[in-house]
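Colleague: sharing a model prediction with you, sequence too.
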Amino acid sequence: MKRNNMYSLLFASVLVISATASISASAGMAKRKVKPVTRYNTTETAAATQASTQSEEKNTKEKNIVADNGVYHLSENSKYRPYLWKNADGSAPDYKAYVFEPKAFNGHTVFVDPGHGDNNAPEANQKREKYYPVDDSLLKSMNTSMVGSKAYGVGVEARDSKNVYDKTETEPEFSLKVALKLKDLLINKGYRVVMSRTDFNQNISNGARSAIAGETSDIMVSIHSNTGKNSGTLSFYPGDNDYISGDTYPGYTSIMGLTKSNIELSKKLATNMENNITMTTGLKNKGTHSAVIRIFSYSSIPTCLVEVGFADNADDAKILSTKKDAIATSMANAIDQYFNK
Ligand SMILES: [Zn+2]
């Protein structure tokens, strides 16, 4: 929250909104007052975003998140709100995530994101979310087609196809099963865990996932499985080069306000994931790469996305289906390594 104080000193054009209302707290968590915050207007510049983000990094340990019976709601003054997906009637949905407290908190909060969700959930496929959480005018130099009318989409749609090994699960089902195992492992290690979804009947936009992660957590891990008749594990972190499309977007990370240190930490996290998963499961190490994707565009904390294996490859699919404990354990170990535990 201190980032905003600094921002308001630097830029007089921002709207200052007094948000001193206390928020109801769940058992065991003290009530607190929310400090005054600022809302960014459309003249926000990349440099300003970067300055605010750099200031925020110093405060990650101060995130005393307040959950309402285990549910965290995105703050009313989140700078991402104007860009996030809306209900069909134009109203804002309840952007929320689920908080799990350990018995003895080790001081680190991990946002565990099971990729995608239920395609039939009301939140899915609304296609009313900006690809980038900034004004389109900032993106002209990037030579990207993901602005203007093409800039909208929730980005959480998933294929309904089952894995080719035993046809037991789709990608959203796989990612949720691994995420729930990872959550249990992390809680036992003393981490607080925040999850974007905990059920097969839920969905939430990628922008909202990252916006909530930034408010609640120290790092974010997004879990996916791949398709494309290839084989192996791929891990991604934010960068100007998009490995997935092969395109380069000069200035992407600075326009999004992604700091150099957060990018380096994201790369470290992704590398830890890649190495631990492949060593433990036998999946092929296909490397750690930068990418330009929605959850990175909205991210203000170190974030990685892991494509654990290819669900349309028989060898990979067998591991995805039968080695979830090993996958989750290797991810938990990667997070331990990240925090030097
Ligand atoms: Zn996916």
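Modeller: Looks like it arrived, so ask away. The structure presented is a predicted model; accordingly, all values stated were derived computationally and were not measured.

Colleague: run a quick neighbour tally on whatever residue of the stretch 101-250 of the chain ends up closest to the ion.
Modeller: Scanning the stretch 101-250 of the chain for the residue nearest the ion gives His224, at 3.4 Å (criterion: Cβ to the ion). Placement of C-beta: from N, CA and C, glycine included. Neighbourhood size, His224 [other Cβ atoms under 10 Å]: 22.

Colleague: and it, what element?
Modeller: strand 219-226 (DSSP states H and E).

Colleague: check contacts around the residue of the stretch 101-250 of the chain closest to the ion.
Modeller: By Cβ atoms under 8 Å, 6 or more residues apart in numbering, the residues touching His224 are Gly115, His116, Glu171, Ser175, Leu305, Val306, Glu307, Val308.

Colleague: which of those residues fall in helices?
Modeller: If you go by DSSP state H, the contacts of His224 have Glu171, Ser175 in helices.

Colleague: pLDDT check: weakest of the contacts of His224?
Modeller: Among the contacts of His224, His116 carries the lowest pLDDT, at 91.

Colleague: list the contacts for the residue lying closest to that residue once chain neighbours are set aside?
Modeller: Once flanking residues are discounted, His116 sits nearest to Ala158: 3.5 Å by Cβ to Cβ, 6 or more residues apart in numbering. Counting by Cβ under 8 Å, 6+ apart, Ala158 makes contact with Gly115, His116, Gly117, Asn119, Thr170, Glu171, Pro172.

Colleague: wasn't Val193 part of a helix?
Modeller: No: using DSSP: H, G, I helix; E, B strand; the rest coil, the assignment for Val193 is strand, not a helix.

Colleague: need the pLDDT of it.
Modeller: 98.

Colleague: before we move on, what about the one 4 residues further on?
Modeller: If you check Arg197, the pLDDT there is 95.

Colleague: from what I see, it and Ile204 are in contact.
Modeller: Yes: counting by Cβ atoms under 8 Å, Arg197 touches Ile204, with 6.1 Å between them.

Colleague: what touches both of the two?
Modeller: With Cβ under 8 Å, 6+ apart as the test, Arg197 and Ile204 both reach Gly117.

Colleague: circling back to that earlier point, ok, which of the contacts of Ala158 also contact the ion?
Modeller: Gly115 (Cβ under 5 Å from the ion).

Colleague: which stretch of helix or strand covers the residue nearest to the spatial centre of the chain?
Modeller: Nearest residue to the geometric centre of the chain (Cα atoms, centre = their mean): Ser210, 3.8 Å. Assessed by DSSP H and E, Ser210 sits inside helix 206-216.

Colleague: quick one: that helix to strand 219-226, angle?
Modeller: 150 degrees (axes from the mean of the first three to the mean of the last three Cα atoms, to 10 degrees).

Colleague: counting by contacts, list what helix 206-216 packs against.
Modeller: With contacts taken as 3 or more Cβ pairs under 8 Å, 6 or more residues apart in numbering; DSSP states H and E, helix 206-216 sits against strand 71-73, strand 96-100, strand 109-114, strand 192-195, strand 219-226, helix 294-297.

Colleague: pick the most deeply packed of the ones you listed.
Modeller: strand 109-114 (a mean of 28; mean count of other Cβ atoms under 10 Å).

Colleague: quick one: strands adjacent to it?
Modeller: Its sheet considered, strand 109-114 pairs with strand 192-195 (parallel), strand 219-226 (parallel) by DSSP bridges.

Colleague: report the inter-axis angle for that strand versus strand 96-100.
Modeller: Using the same axes, to 10 degrees: strand 109-114 against strand 96-100 is 120 degrees.

Colleague: most neighbours among the contacts of His224, which one?
Modeller: Result: Val308 is most packed of those (other Cβ under 10 Å), 31 neighbours.

Colleague: I'd say it and Val221 touch.
Modeller: No: under the criterion of Cβ under 8 Å, Val308 is not in contact with Val221, lying 11.2 Å apart.

Colleague: could you pull up the mean pLDDT of the longest helix along the chain?
Modeller: Ranked by number of residues, the top helix in the chain under DSSP H is helix 260-281. Per-residue pLDDT over helix 260-281 has a mean of 98.

Colleague: can you give me the buried ones in it?
Modeller: 262-263, 265-278, 280-281 (16 or more other Cβ atoms under 10 Å).

Colleague: pull up the residues of the stretch 1-150 of the chain that are close to the ion.
Modeller: Residues of the stretch 1-150 of the chain lying near the ion (Cβ under 5 Å from the ion): Gly115.

Colleague: show me the shaky parts of the stretch 1-150 of the chain.
Modeller: 1-62, 64, 122-127, 149-150 (pLDDT under 70).

Colleague: let's go with 50 and repeat that
Modeller: The model of the stretch 1-150 of the chain has pLDDT under 50 over residues 1-60.
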